[in-house]
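K.L.:
Fold the following for me, if possible:
(2 chains)
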Amino acid sequence: MSTVFIVMVGMLTAASIYMFLARDLPRVLIGFVLLGTATNLAIFVAGRVGSMLPPLVEPGAKALAAEAANPLPQALILTAIVIGFGLTAFALMLVVKAYGAFATISIEEVDEAEPRPVKPQPEPLAPAFRQKQEAA
Amino acid sequence: MALLLVAPILIPLLAAALTALFWHRPEVQRPIGLAASAALLGAALMLLARTADGAVLVTQMGNWAAPFGISLVIDLFSAIMLVITGLMALAVSIYALGPASIERDRAGFQPLFHSLILGVCGSFSTGDIFNLYVWFEVMLIASFGLLVLERTREQLDGGIRYVVLNLIGTTMFLLAVGLLYGLTGTLNFADLARIAPTVENQGALAAVGMLLLVAFGAKAALFPLFNWLPAAYHTASMPVAAIFAALLTKVGVYAIIRVFTLVFAHEAGFFGPVFLAVAVATMVTGVLGAAMHYDIRKILSFHIISQIGYMLVGVALMTPLAIAGSILYIVHHIIVKANLFLLAGAIRQETGSFALKRIGGLWAIKPLLGVMFLVPALSLAGIPPLSGFWGKLVVIRSGLEAEAYWLAGIALAVGVLTLYSMIKIWNEAFWKALPEDGPSPLPWNARERLATYAPIVVLGGMTITIGLLTEPFAALSIEAAESLLDRNAYIAAVLGPDAPRLAEIKP
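P.N.:
I've put the predicted structure just below:
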């Protein structure tokens, strides 16, 4: 059972890295969603998969049955999903706003914050020197 | 006592909620924000007084016993960080009353600012690694909003770079937390510290440590993960840039120091050289990046990166003196760096631009501003008797004592290059004659002027105080370093003197 999950985590991570390498912002966002999913699955596998017994304490018993499923990874994943949703929603809005401002989704064409350095032009010769040169 | 421990979280939470309720009424938000920042500083000072002797204060949320629930743990290091956070929150709250405050407050500055402080304070006081992740996210989402507050084209571009790189870093953190749980079966720092040395698969644990280093390193802007910082910080409005520069990267440094002195201390032989190499590379690349820029904000942004390198020397060498040096350096750096960003805003107000090529002549018209700038600038470069001298002295001395001579040499050389950048700002903005077609000063009234200069003067005064009266600050740092290295005291404080080992520790 775990093997299937592990292979899935690997494939999702590979796919997300491929998407991160794209120049288009929406693709980068999809990459982030995939990476988040891969991470959540990894937490799930790390917390032991196997038992289908719900983690409920039976009436009269004082503790969980030994073979019950592990509830903690599920709580962690639930938190992570909620946080990931919020971050994705914000990032999506940012991309939409950026599209409105720059009329492009390609990050390569946007260099507002870090403009490419302009090549320094050679300074025009000082007037006195130029006159001397012209006279020569 | 439990109330005092949660106060650094409750106060900014309340402030964020209240200011959000009065969204359209900045005149109501401001007193709430100021009062909350002052209250936070007060609560943090009380915590510092209680932990000054090295005590570890612990409370369990919802009364769940230690490894199961979320513990809040405040030791001396946390308390020092909380005090400095409160101080920065107050300074920036006042500074934010300065020019352009109406537009900023209408865009939602106050609720976002206090959410950011909430995330920072939560990170400093939690004793649980998953909870640390949650606080990181609180901080991150608030910082996203603050960065693009004015929604200019420049900010949108910088915001995208900042958001994407930080999203990847934070996902790495989550992955590391999940794998750490899989290896140890616990998320509580104290419990992790107890179990980590007994884990069978130490190789996997070291891999998780590297993953955490990448995640925290992306947050702390370490080499080679710093690219988001100079791409984004200079686009933010000045109060936002100041609080980012003061606190955000330092939360990453705090997390590195906490996790690698507590959970991975038994692996110090493996991580020490890694930290040493990263620290040196961070120092050098940061300072070289600053040398090539001619925009005040970009120079200062690159210097943040450079200085982070000094703070890592503590975890690289793992001696009490080195860690004390890191702590002293963090305190000094937060005050100085925030002050320099505040000053950059004041310089822009007086001259009309951040671009050094277009401004000049400030020394002739504003000599007092020049003095205010010289104090943090020379302190950053490590000129005695200012605070930076003592920070660098302790770091370099600990390097010499550990016989890492090349580290000490590079740290000194980076100090000289830092001085070069600061002199560049000085020459261009203050000494050079004003260019003929330069921009004109921006208009502001007396109240805005007071709000801008008051925090600058106070922070400058603190820099001089730490420089001239170093003894108490150094003693506190050494005490904090010793309690960081005394892992058993931390474990005993959180889990109780003889906590039972659970029968099944692995999930």
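
K.L.:
near chain A, which residues of chain B?
P.N.:
When proximity is defined as C-beta under 8 Å from any C-beta of the partner chain, chain B approaches chain A at B:130, B:134, B:137, B:140-141, B:144-145, B:148, B:151, B:153-161, B:163-164, B:167-168, B:170-171, B:174-175, B:177-179, B:181-183, B:230-232, B:234-235, B:507. Backbone N, C-alpha and C define where each C-beta goes, glycine included.

K.L.:
For chain A, give me the ranges with low pLDDT.
P.N.:
Scanning chain A for pLDDT under 70 picks out A:116-134, A:136.

K.L.:
Pick out the residue nearest the middle of it.
P.N.:
residue A:32 (3.3 Å; C-alpha atoms, centre = their mean).

K.L.:
Check the gap between the closest residue to residue B:421 other than its chain neighbours and chain A for me.
P.N.:
Using C-beta to C-beta, 6 or more residues apart in numbering or on different chains and skipping residues adjacent in sequence, the residue nearest residue B:421 is residue B:290, 4.6 Å away. From residue B:290 across to chain A, the span is 15 Å (C-beta to the nearest C-beta, to the nearest Å).

K.L.:
same thing with residue B:483?
P.N.:
Distance from residue B:483 to chain A, by C-beta to the nearest C-beta: 30 Å.

K.L.:
and that residue, how many neighbours does it have?
P.N.:
Per other C-beta atoms under 10 Å in any protein chain shown, the neighbour tally for residue B:483 reads 21.

K.L.:
Run through the neighbouring helices and strands of the helix or strand it falls within.
P.N.:
Residue B:483 belongs to helix B:470-485 when assigned by DSSP states H and E. Where contact means 3 or more C-beta pairs under 8 Å, 6 or more residues apart in numbering or on different chains; DSSP states H and E, helix B:470-485 is packed against helix B:76-95, helix B:249-262, helix B:320-351, helix B:387-401.

K.L.:
again, only this time at 6 Å
P.N.:
helix B:76-95, helix B:320-351 (3 or more C-beta pairs under 6 Å, 6 or more residues apart in numbering or on different chains; DSSP states H and E).

K.L.:
can I get the CA coordinates of it in PDB?
P.N.:
Taking only C-alpha atoms (Å, rounded to 0.1, in the frame of the first residue of the first chain), the coordinates of helix B:470-485 have been written out as PDB:
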ATOM      1  CA  THR B 470      27.800  46.400  26.500                       C
ATOM      2  CA  GLU B 471      28.200  44.500  29.800                       C
ATOM      3  CA  PRO B 472      24.500  43.700  30.600                       C
ATOM      4  CA  PHE B 473      23.700  42.900  26.900                       C
ATOM      5  CA  ALA B 474      26.700  40.600  26.600                       C
ATOM      6  CA  ALA B 475      25.900  38.900  30.000                       C
ATOM      7  CA  LEU B 476      22.300  38.200  28.800                       C
ATOM      8  CA  SER B 477      23.600  36.800  25.500                       C
ATOM      9  CA  ILE B 478      26.000  34.500  27.300                       C
ATOM     10  CA  GLU B 479      23.300  33.400  29.700                       C
ATOM     11  CA  ALA B 480      20.900  32.700  26.700                       C
ATOM     12  CA  ALA B 481      23.600  30.800  24.900                       C
ATOM     13  CA  GLU B 482      24.300  28.600  27.900                       C
ATOM     14  CA  SER B 483      20.600  27.800  28.400                       C
ATOM     15  CA  LEU B 484      20.400  27.000  24.600                       C
ATOM     16  CA  LEU B 485      23.200  24.500  25.000                       C
END
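
K.L.:
State the mean pLDDT of it.
P.N.:
Per-residue pLDDT over helix B:470-485 has a mean of 92.

K.L.:
buried ones in it?
P.N.:
For helix B:470-485, a neighbour-count test (16 or more other C-beta atoms under 10 Å in any protein chain shown) marks B:470, B:473-474, B:476-481, B:483-485 as buried.

K.L.:
Ok, stretch A:96-114 next?
P.N.:
A:97-98, A:101-102, A:105, A:107, A:110, A:112-114.

K.L.:
now these as TSV including distance to chain B and secondary structure?
P.N.:
Output for those, formatted as TSV (distance: C-beta to the nearest C-beta, whole Å; DSSP: H, G, I helix; E, B strand; the rest coil):
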residue	distance to chain B	secondary structure
A:97	6	helix
A:98	5	helix
A:101	5	helix
A:102	7	helix
A:105	11	coil
A:107	7	helix
A:110	5	coil
A:112	4	coil
A:113	4	coil
A:114	6	coil
